[in-house]
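Need a 3D model of the sequence below.
(one chain, ligands or ions: 1)
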Amino acid sequence: MMSGNEAQFDYIVVGAGSAGAALAARLTEDANTRVLLLEAGKASHPYTRFPISFGLLIDNPAANWRYASEPEPGTKNREIPVPRGKVLGGSSAINGLVYVRGQPLDFNTWAQMGNRGWSWDDVQPTFQRMENYQGGPAGGRGVGGPLTVSEVPDQNPLYDAWFAAAKAAGFKHNPDYNTEDQEGVVKTQTTIRNGVRQSTVVAYLKPAMGRPNLHIVTEAATRKVLLEGKRCVGVVYERGGQSITARAGKEVILSAGAVATPQLLELSGVGNPEILQRHGIEVLHDLPAVGENFRDHINAAANWKLTDPSMSYNPRGRGLGLIGEAFRYAFARGGFFSLPSAPLLAFLRTRPELETPDVQMHLVPYAIKNRKKRLLHDFAGFAISVYQLRPESLGSIHIRSADPNAQPAIRFNFLHDPIDQAAMVEGFKMIRRIVNAAPMDHIRGEEYAPGPAVATDAQILDYIRGVAETAYHPIGTCRMGPGPNAVVDDRLRVHGITGLRIADASIFPTMPSGNTNAPSIMVGEKASDFLRGRL
Ligand SMILES: Cc1cc2nc3c(=O)[nH]c(=O)nc-3n(C[C@H](O)[C@H](O)[C@H](O)COP(=O)(O)OP(=O)(O)OC[C@H]3O[C@@H](n4cnc5c(N)ncnc54)[C@H](O)[C@@H]3O)c2cc1C
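All right, here's what the predicted structure looks like:
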């Protein structure tokens with residue numbers, strides 16, 4: 001295949017996830033641009049097309065890297081699972097299908113930090129170009145783009161009660177949170193089309209697969225980028241036990257995600273010299289921000305019982321009920337199998353003086369016993385979780401060994417910052433305020449977890465420390481910015497190295513307010529503009 005020294009490709013894209021797949025598809029729209037797309041995972045997994053695959057693949061090695069965090073005192077020394085997609089489509093093929101662009105403030109902050117071309121006015125047209133929003137073009141939404149976005153069709157009296165309760169508690173309904181105004185209680189917009197997951201494989205790669213200038217190699221784990229001096233000339237990857245060198249005529253773009261991209265740089269000799277030397281890796285380029293500035297959403301849930309079991313998917317999520325739901329999906333594309341990770345969301349402010357929402361809630365119509373495996377409780381219930389939208393606490397992701405098969409050390413540093421603690425506690429209290437409002441009186445059963453004994457702020461924080469998980473949104477480990485605290489510039493070029501860019505969630509300078517799939521795809525789209533000279 002493509003071994004040897006001759007560059008058969010203009011660009012090599014490492015990682016076919018949310019950003020990488022979009023990037024490779026856009027680049028190869030130009031028939032003269034030859035792209036090699038390398039993906040460590042398999043070409044497909046049979047579950048991914050069903051939205052319920054979010055639960056089925058969350059801990060499944062066939063399509064998931066299944067990382068885990070270091071134990072940290074802030075979360076009671078638990079090792080928190082860190083699922084990441086390992087299949088064509090990356091995390092977009094196993095994620096919860098919730099579609100959120102973020103707030104204008106997020107991207108204006110990126111621009112304010114010195115990243116030209118990343119303000120809301122700059123990225124809004126890119127979001128628009130990506131989308132095929134079933135709700136139509138009002139409010140600057142995109143129609144006719146590759147990625148279908150649709151509102152959850154599932155109906156449930158539980159949802160009606162929650163909307164009414166939120167209104168009674170003083171929170172507004174928002175018909176489209178992906179416009180400039182995110183605030184409110186909402187029905188989720190999802191990357192689902194006619195009941196089928198719209199991963200970036202479905203949306204971007206499938207239509208591009210027939211192009212002779214796009215060469216996709218799966219089960220190809222990139223081991224390092226090749227540097228000649230300060231120029232990147234290609235990559236070394238492993239496939240079927242063979243080590244293969246591929247050279248890029250123009251550039252290499254890393255899109256391996258916020259966990260694997262910094263790992264790959266460090267294994268290649270790019271990073272903090274102290275860390276590289278500790279593991280016997282020759283320092284080829286001193287770039288101390290690699291693996292730093294890591295943020296994620298810490299997510300904590302409460303479970304309630306429901307007085308009317310028919311409103312909950314708990315009884316239908318196993319045994320005979322599950323068979324019924326399978327038929328419901330097969331014939332009507334509805335029910336349990338068609339649900340995203342949460343059919344309702346809320347974007348709210350924990351303090352009235354805030355300009356925009358600072359917490360996001362997810363409501364699911366079933367109670368969850370074990371979040372790692374998404375196991376359901378035996379009783380009929382529902383769960384609501386909350387995370388602070390823009391966490392302050394910073395962690396890191398660094399190699400723990402020179403062995404590329406060793407998982408990196410993931411340190412969230414969750415709840416380190418008092419702002420994060422306060423927002424989580426207040427958000428948790430707001431969940432209770434809504435659920436305890438009068439419109440839910442007729443359906444609300446017992447608060448199963450944490451239960452009324454957890455009442456004070458200190459008790460709530462302690463509960464959160466004991467149960468909270470990641471919302472699966474790692475970002476920032478190869479932060480974009482002009483200074484020494486960054487890894488790439490605002491054209492996504494690695495500082496100090498030519499021929500090497502990064503396009504994935506690792507470049508986010510700060511956390512976008514929401515789930516991170518849409519902004520990751522947006523980064524892939526923007527990277528294609530930079531490479532095609534369309535600024
Ligand atoms: C379980 C889960 C649920 C989520 N739910 C939602 C949600 O509901 N809504 C939302 O907006 N976001 C959600 N997210 C987050 C969102 O999916 C991610 O932020 C986004 O997909 C990140 O895109 P990316 O391009 O940065 O990385 P990824 O999509 O993770 O892509 C990285 C790709 O690189 C590949 N790769 C890694 N290392 C190598 C290597 N050495 N060689 C070759 N290939 C490599 C990986 O296998 C993967 O395919 C969820 C994520 C997960 C894991």
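
so what's the closest residue to the ligand within the chain scoring on pLDDT?
Using Cβ to the nearest ligand atom, the closest approach of the chain to the ligand is made by Gly17 at 1.8 Å. Where C-beta positions appear, they are placed from N, C-alpha and C, glycine not excepted. Looking at Gly17, its pLDDT reads 98.

same check, this time on Gln8
Per the predicted model, pLDDT is 89 at Gln8.

Look up how far Gly249 lies from it.
Gln8 sits 8 Å away from Gly249, going by Cβ to Cβ, to the nearest Å.

Quickly list what's touching both of the two.
Residues touching both Gln8 and Gly249 (Cβ atoms under 8 Å, 6 or more residues apart in numbering) are Arg34.

circling back to that earlier point, just give the number of residues close to the residue of the chain closest to the ligand.
Gly17: 34 surrounding residues under other Cβ atoms under 10 Å.

Count the residues that sit near the closest residue to it other than its chain neighbours.
Nearest residue to Gly17, sequence neighbours excluded (Cβ to Cβ, 6 or more residues apart in numbering): Gly90, at 2.1 Å. Counted with other Cβ under 10 Å, residues neighbouring Gly90 total 33.

OK, contacts around Gly90?
Gly15, Ala16, Gly17, Ser18, Gly20, Ala21, Glu39, Gly41, Arg84, Thr200, Gly257.

Give me the subset of the residues you listed lying in helices.
Among the contacts of Gly90, DSSP state H puts Ser18, Gly20, Ala21, Thr200, Gly257 in helices.

Most neighbours of all those, which one?
Ser18 (35 neighbours).

tally of neighbours for the nearest residue to that residue once chain neighbours are set aside?
Closest residue to Ser18 apart from its sequence neighbours, by Cβ to Cβ, 6+ apart: Ser520 at 3.9 Å. Residues near Ser520, counting by other Cβ under 10 Å, number 32.

before we move on, what about Arg49?
16.

Please apply the same query to Lys230.
Lys230 is flanked by 13 other residues according to other Cβ under 10 Å.

so it touches His495, yeah?
No. Using Cβ atoms under 8 Å, Lys230 makes no contact with His495, being 10.4 Å away.

In three-state terms, label Val425 for me.
What DSSP: H, G, I helix; E, B strand; the rest coil gives for Val425 is helix.

Might you report the residue contacts of it?
Counting by Cβ under 8 Å, 6+ apart, the residues that Val425 touches are Asp457, Ile460, Leu461, Ile464.

Switch the residues you listed over to a markdown table; also include distance to the ligand and pLDDT.
Listed next are the contacts of Val425 as a markdown table, based on distance: Cβ to the nearest ligand atom, whole Å; pLDDT from 0 to 100:
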| residue | distance to the ligand | pLDDT |
| --- | --- | --- |
| Asp457 | 29 | 98 |
| Ile460 | 25 | 98 |
| Leu461 | 25 | 98 |
| Ile464 | 20 | 98 |
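
Filter those down to the buried ones, PyMOL style.
In PyMOL, a selection of the buried entries from the contacts of Val425 looks like this (16 or more other Cβ atoms under 10 Å):
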select buried, resi 460+461+464
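
now, among the contacts of Val425, which is nearest to Arg239?
Nearest to Arg239, judged by Cβ to Cβ, of the contacts of Val425 is Ile464 at 43.1 Å.

how near is the closest one to Gly291?
Here Ile464 is placed at a distance of 26 Å from Gly291 (Cβ to Cβ).

In this protein, where is pLDDT below threshold?
Residue ranges of the chain with pLDDT under 70: 1-7.

biggest strand in it by residues?
strand 242-254 (DSSP state E).

Surely Phe379 is in a helix?
No. Read with three-state DSSP, Phe379 is coil and lies in no helix.

Quick check: phi and psi at it.
phi -90, psi 160 (degrees, to the nearest 10).

and it, how many neighbours does it have?
By other Cβ under 10 Å, the residues close to Phe379 number 19.

where do the strands sit along the stretch 151-300 of the chain?
All strands of the stretch 151-300 of the chain, identified by DSSP state E, counting those that start in this stretch, fall at 184-187, 189-190, 192-193, 196-197, 214-217, 221-228, 231-239, 242-254, 270-271, 285-286, 298-306.

export those to TSV and tack on distance to Val152?
Listed next are those as TSV, based on distance: least, Cβ to Cβ, whole Å:
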stretch	distance to Val152
strand 184-187	6
strand 189-190	6
strand 192-193	8
strand 196-197	13
strand 214-217	31
strand 221-228	36
strand 231-239	39
strand 242-254	34
strand 270-271	42
strand 285-286	46
strand 298-306	19
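
Point out the most buried one among these.
strand 270-271 (a mean of 28; mean count of other Cβ atoms under 10 Å).
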